[in-house]
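Undergrad: Got a sequence here, can you build the structure:
(one chain, ligands or ions: 1)
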Amino acid sequence: MSHDGLNRRAFLRNAGMTALAGAVGSGTSFAGPLAVAGAGLAAANGTFDFDTPYNRFGTDSTKYDQQIRVFGKDSVQVGMGIADMDFKVAPAITKALMERIQHENWGYLDMGGTLGKSMNEHIVSWNKKRYGITVNPESVVMTTGVHPGIVATLRAFCPIGSKVLLNTPTYNGFYGDLTATKTVAEEVPMRLVNGRYSIDFDEFERHISGDTNAYILCNPQNPTGNTWSQEDLLKLGEICLKHRVVVLADEIHCDFVQKGQKYTAFATLPDKAIVNNSITFKAASKSFGLAAMKCAWFFSTNPSFMERIKPYNRADLTTLGIVSSHAAYTGGEDWLNQCVEYIDGNHDFVDQYVAANIPMIKCVKPQGTYLQWLDVSAIADKIGAKDMAAEANKKAESSAGGRGRGAGVTPETMVERYLVRHAKVHLNQGASYGLGGQNHMRMNIATSRKTLEVALNNLANALKNPSPDRTLLNE
Ligand SMILES: Cc1ncc(COP(=O)(O)O)c(C=O)c1O
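TA: Modelled structure (predicted):
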């Protein structure tokens, strides 16, 4: 089918990336950061450039290249899946990394040395200044990502086979943490009214039983974008304390809060006993686009919790991971503030565009995160996603050993395939976010406005009159 010439190469040309187009053909190699270094620098007036699209094809990126690997050459023009950003990092980060690579030795890092100590101080001051959290520097434990921290904590508190509470739909990565710790998800579906999610606290409490030891709170919430109020958090905290359920507060998205909204850190709640029953997980990675640098931390006001977790946290960090997070906190704040504002503008843009041009999709501007949760039930209906998924699964079951490619296909997988095939846009399928994720897709909008516009135009064209496409069964 025709895409009005909007293939990847044309996109790059349209989006002003002609200079890099040579690097994005099939089997491409990365043009290299040095070839384009400098364009992310702040202009003389102190503003950073988030508008110029930055080509990530050919860099082994999950968001772009993995999708090409899965869906085929030229299949995806805009990757809007995994939660990272398309922008160049803050110039302070590139500068610090470039300085460090001048020393060409990569032996073991002394985490208790100058850099590690300074990082610890900056974690404490950053948390105080930006979120009002008083972090005891002694309590901060570094780790190689929020996942490894959560896994260590679950191992410390949750026997194999015990239950972990989740408000669903929730970040799909948590299910992997549960698999890694042989624990079981106790899903508490959130209430959905007019596109807004809320927690039914009675229902939440009813899901707690004798073998429920932990609750993973996500704030701001991935994928819905909810930010939880102090009142919400106190209620959740009270219930968990009453039932001796430990709260794991994953606040990795805390910097992305839309105008007029508020992020309340669990560690700032006015009830000491509730706070003492929690561990907070954070990183600079989501805020500054450093996901692959593998650096995060967790802390608690409860020293006995930390002592219990530490033996399970075997984390050797990379030098560049610490250098980049350190540079983010020492020299990246202006960049971050402008980035958050830009993302807020992107959310408004999406909101208005979808309302005006894509009646098949319903969405409500989220309170936080750079993720937009989309109701795609009308698309699923129109393309017969449910029947096609059932057919794909049946076919797989009847093939050798039931291990065919169609196994585990959800209607949302069909919507995902449909949007790749017809719009060249890749979104994450909602069913992977647990109960309540059905009929939804997650769209990551942390990209240049031009790229966002290309994606939305493609979606609008593809969704003018969607109809079943049986070739999707062969993917
Ligand atoms: C809520 C949440 N927690 C954790 C992670 C992953 O964190 P890390 O890469 O530090 O392991 C993500 C990434 O998308 C996330 O959205």
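
Undergrad: Only C-alpha atoms from now on, for both contacts and neighbour counts.
TA: Noted.

Undergrad: In a strand, Ala223, correct?
TA: Just so we're on the same page, residue 223 is Pro rather than Ala. No: checked against DSSP: H, G, I helix; E, B strand; the rest coil, Pro223 lies outside a strand; its state is coil.

Undergrad: Could you pull up the residues touching it?
TA: Pro169, Thr170, Tyr171, Leu371, Gln372, Trp373, Tyr433, Arg442 (Cα atoms under 8 Å, 6 or more residues apart in numbering).

Undergrad: Let me see the domain layout of the protein.
TA: Annotated domains of the chain cover 8-91+333-474, 108-331 [automatic domain parsing].

Undergrad: possible to save those domains as CSV with mean pLDDT and distance to the ligand?
TA: Rendered in CSV, the data for these read as follows (pLDDT from 0 to 100; distance: least, Cα to the nearest ligand atom, whole Å):
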stretch, mean pLDDT, distance to the ligand
domain 8-91+333-474, 86, 5
domain 108-331, 97, 3
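
Undergrad: how about those domains, which one is nearest Leu97?
TA: Among those, domain 108-331 comes nearest to Leu97, with 6.5 Å by Cα to Cα.

Undergrad: Might you quantify the distance of that closest one from its chain's geometric centre?
TA: 14 Å (Cα atoms, centre = their mean, to the nearest Å).

Undergrad: Compute the first-to-last residue distance for that domain.
TA: One end of domain 108-331 sits 25 Å from the other (Cα to Cα, to the nearest Å).

Undergrad: Also stretch 214-234?
TA: Span of stretch 214-234 from end to end, Cα to Cα: 16 Å.

Undergrad: can you map out the strands along the stretch 301-450 of the chain?
TA: 362-363, 371-375, 425-426, 428-429, 440-444 (DSSP state E, counting those that start in this stretch).

Undergrad: and among those, the most buried is which?
TA: Ranked by mean neighbour count, the strands of the stretch 301-450 of the chain are led by strand 425-426 with a mean of 28 (mean count of other Cα atoms under 10 Å).

Undergrad: mind listing what that strand pairs with, with the direction of each?
TA: Next to strand 425-426 in the sheet, as set by DSSP bridges, lie strand 78-79 (parallel).

Undergrad: Regarding Ala214, what is its secondary structure?
TA: strand.

Undergrad: Next up, the contacts around it.
TA: When contacts are counted by Cα under 8 Å, 6+ apart, Ala214 touches Leu154, Phe157, Cys158, Lys163, Val164, Leu165, Val245, Val246, Val247, Leu248.

Undergrad: Against Leu178, how distant is it?
TA: For Ala214, the distance to Leu178 - Cα to Cα - is 11 Å.

Undergrad: for Thr451, same thing?
TA: For Thr451 relative to Leu178 (Cα to Cα), the value is 35 Å.

Undergrad: Can you list the buried residues in the longest helix seen in the chain?
TA: Ranked by number of residues, the top helix in the chain under DSSP state H is helix 333-357. Applying a neighbour-count criterion of 16 or more other Cα atoms under 10 Å, one finds 333, 335-336, 338-344, 346-351, 354, 357 buried in helix 333-357.

Undergrad: now what about it, what contacts it?
TA: 47-48, 50, 90, 255-259, 287-288, 361-366, 370, 372, 445-446, 449, 452, 456, 460.

Undergrad: Distance from that helix to the middle of the chain?
TA: On the basis of Cα atoms, centre = their mean, helix 333-357 sits 16 Å off its chain's mean C-alpha point.

Undergrad: and the angle for it with strand 371-375?
TA: Here helix 333-357 points in a direction 20 degrees away from that of strand 371-375 (axes from the mean of the first three to the mean of the last three Cα atoms, to 10 degrees).

Undergrad: Who are the contact partners of Ala423?
TA: His3, Ala455, Asn458, Leu459, Asn461, Ala462.

Undergrad: switch the cut-off to 6 Å
TA: With contact taken as Cα atoms under 6 Å, 6 or more residues apart in numbering, Ala423 is in contact with Asn458, Leu459, Ala462.

Undergrad: Quick check: it vs Val415, distance?
TA: 11 Å.

Undergrad: Now do the SS call for the closest residue to Val124 other than its chain neighbours.
TA: The spatial neighbour of Val124 that comes closest, neighbours along the chain excluded (Cα to Cα, 6 or more residues apart in numbering), is Val135 at 5.5 Å. Judged by three-state DSSP, the three-state class of Val135 is coil.

Undergrad: Around Val135, count how many other residues there are.
TA: Residues lying near Val135 (other Cα atoms under 10 Å) number 19.

Undergrad: Would you confirm that Ala267 contacts Asn276?
TA: No: using Cα atoms under 6 Å as the test, Ala267 is too far from Asn276 to be in contact (8.4 Å).

Undergrad: Compare those two (neighbour count), which wins?
TA: Each of Ala267 and Asn276 has its neighbours counted (other Cα under 10 Å); Ala267 has more, 24 against 19.

Undergrad: Now rank the contacts of Ala214 by neighbours and give me the top one.
TA: Leu154 (28 neighbours).

Undergrad: Tell me the backbone dihedrals of that one, please.
TA: Note on Leu154: its backbone torsions stand at phi -60, psi -40 [degrees, to the nearest 10].

Undergrad: How about Arg244, nearest residue that isn't a chain neighbour?
TA: Looking at Arg244 with Cα to Cα, 6+ apart, the closest residue is Asn213, at 6.9 Å.

Undergrad: separation between the one you found and Asp255?
TA: On the measure of Cα to Cα, Asn213 and Asp255 end up 29 Å apart.

Undergrad: Look at Ser125 and give its secondary structure.
TA: Ser125 - assigned by three-state DSSP - is helix.

Undergrad: same thing with Asn45?
TA: Under three-state DSSP, Asn45 comes out as coil.

Undergrad: any idea which element the residue nearest the centre of the chain lies in?
TA: Central residue of the chain (Cα atoms, centre = their mean): Ala83, 3.2 Å from the mean position. If you go by DSSP states H and E, Ala83 is not part of any helix or strand.

Undergrad: any idea how far Leu178 is from the closest residue to it other than its chain neighbours?
TA: Nearest residue to Ala83 in three dimensions, chain neighbours excluded: Asn444, at 6.4 Å (Cα to Cα, 6+ apart). Noted for Asn444: a distance of 24 Å to Leu178, by Cα to Cα.

Undergrad: what secondary structure does Val151 sit in?
TA: Per three-state DSSP, Val151 ends up helix.

Undergrad: Please name the nearest non-neighbouring residue to it.
TA: With Cα to Cα, 6+ apart, the residue lying closest to Val151 is Asp177, at 5.6 Å.
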